[in-house]
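**Student:** pasting the sequence and the predicted coordinates here, then a few questions.
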Amino acid sequence: MASAAAPALADAPPGKANPNSVVPKGAENASSGAPANWAPPIRDNALHKYSSINRLEYGTGNAPDSYLWEGQGWIGGDINRFWWKTEGEGATTGGSPDSTSFEADYGRAITPFWNALIGARYDIYPGKDRAFGMVKLQGLSPLYIDTEASFYVSQDGVPSFRGEFQYEPLITQRLRLAPRAEINLGARDANYGLGGGLQSTSLGLRLKYQIVREFVPYIGVRWDKKYGDTAKMARADGGTSSSTAFVVGLSAWY
């Protein structure tokens with residue numbers, strides 16, 4: 001037996017087995033190449049779901065104390081999914097939020113690390129709402145930067161862009177630092193206090209502590225700034241063009 005197998009193994013590259021010595025003999029399945037007597041492969045058609053609270057925080061600083069939330073999730077398979085997202089903010093003094101946003105999208109995985117989405121967004125403001133069509137790319141950029149690039153067209157035909165970037169390097173196995181940047185650009189829309197070009201940015205730095213994988217409280221600082229005509233319209237309306245807030249909050253997922 002040993003002498004019969006030796007010639008086949010001798011044909012293999014150094015350190016590797018000859019395929020003829022490990023592949024079962026006999027008929028093959030025409031579609032998969034597996035032995036014909038093997039059971040068919042299991043198709044992963046299960047419905048999966050995921051929800052997260054990316055930011056739920058209270059802020060205090062040189063502007064009125066405020067609250068902010070951002071959450072998102074999806075339901076579907078490995079390739080095709082329904083995505084949702086909501087975010088908003090307001091003053092803690094009471095009343096309705098200054099802004100509330102909802103998104104609903106169809107998303108498709110286009111690479112192992114990127115999804116392309118198309119859908120709609122609806123914003124609610126005190127006394128004036130508006131809707132958008134949108135397309136989005138989201139995923140992990142090089143260096144594992146969590147990235148969202150969203151392109152919108154409002155119900156009035158006004159285009160805009162939002163870029164969101166976050167990076168969470170580990171300090172220890174539980175402690176990590178999370179810088180975050182958001183940039184908003186668009187055409188002028190005076191009905192909503194928006195000038196043309198660069199409209200606003202939001203920069204944040206949060207120190208997170210992972211109690212368990214699904215629950216992560218944090219502290220940090222957030223700096224928001226408006227630019228150009230957007231800043232002028234904010235000041236004319238009695239607001240400010242920039243604010244700095246110390247924040248405490250949490251992230252969670254399930």
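**Tutor:** Structure's in. What do you need?
**Student:** tell me which residues in stretch 103-115 are buried?
**Tutor:** Using 16 or more other C-beta atoms under 10 Å as the test for burial, stretch 103-115 gives 103, 105, 107, 109, 115. To be clear about C-beta, it is placed using only N, CA and C from the backbone, and glycine gets the same treatment.
**Student:** quick one: mean pLDDT over that stretch.
**Tutor:** Averaging pLDDT along stretch 103-115 gives 96.
**Student:** pLDDT weak spots in the protein?
**Tutor:** Along the chain, the model assigns pLDDT under 70 to residues 1-13, 15, 19, 43.
**Student:** how about 90 then?
**Tutor:** Residues of the chain that meet the criterion pLDDT under 90 lie in 1-46, 62-64, 78, 93-96, 98, 125-128, 142-143, 191, 237-240, 254.
**Student:** helices of that one, start to end?
**Tutor:** Assigned by DSSP state H, the helices in the chain fall at 2-10, 19-22, 228-236.
**Student:** nearest spatial neighbour of residue 134, skipping sequence neighbours?
**Tutor:** Nearest non-adjacent residue to residue 134, counting by C-beta to C-beta, 6 or more residues apart in numbering: residue 152, 4.9 Å away.
**Student:** please tell me how far the one you found sits from residue 211.
**Tutor:** Here the criterion is C-beta to C-beta, to the nearest Å. By it, residue 152 lies 36 Å from residue 211.
**Student:** pick out whichever of those two has more residues nearby.
**Tutor:** Taking neighbours as other C-beta atoms under 10 Å, residue 152 and residue 211 compare with residue 152 leading, 21 against 10.
**Student:** quick one: that one and residue 133 touch, right?
**Tutor:** Yes: counting by C-beta atoms under 8 Å, residue 133 is a contact partner of residue 152 at 7.1 Å.
**Student:** can you name the residues that contact residue 160?
**Tutor:** Neighbouring residues of residue 160 by C-beta atoms under 8 Å, 6 or more residues apart in numbering: 151-154, 184-187, 194, 199.
**Student:** next one: residue 166
**Tutor:** Residue 166 is in contact with 145-146, 178-181, counting by C-beta under 8 Å, 6+ apart.
**Student:** and it, bridged to which residues?
**Tutor:** residue 146, residue 180 (DSSP bridges).
**Student:** quick one: the strands in the stretch 51-200 of the chain?
**Tutor:** Assigned by DSSP state E, counting those that start in this stretch, the strands in the stretch 51-200 of the chain fall at 66-76, 80-91, 99-111, 114-125, 128-141, 145-154, 159-166, 175-186, 197-209.
**Student:** for residue 24, which of those is the nearest?
**Tutor:** strand 99-111 (33.6 Å; C-beta to C-beta).
**Student:** check the offset of that closest one from the chain's centre.
**Tutor:** 9 Å (C-alpha atoms, centre = their mean, to the nearest Å).
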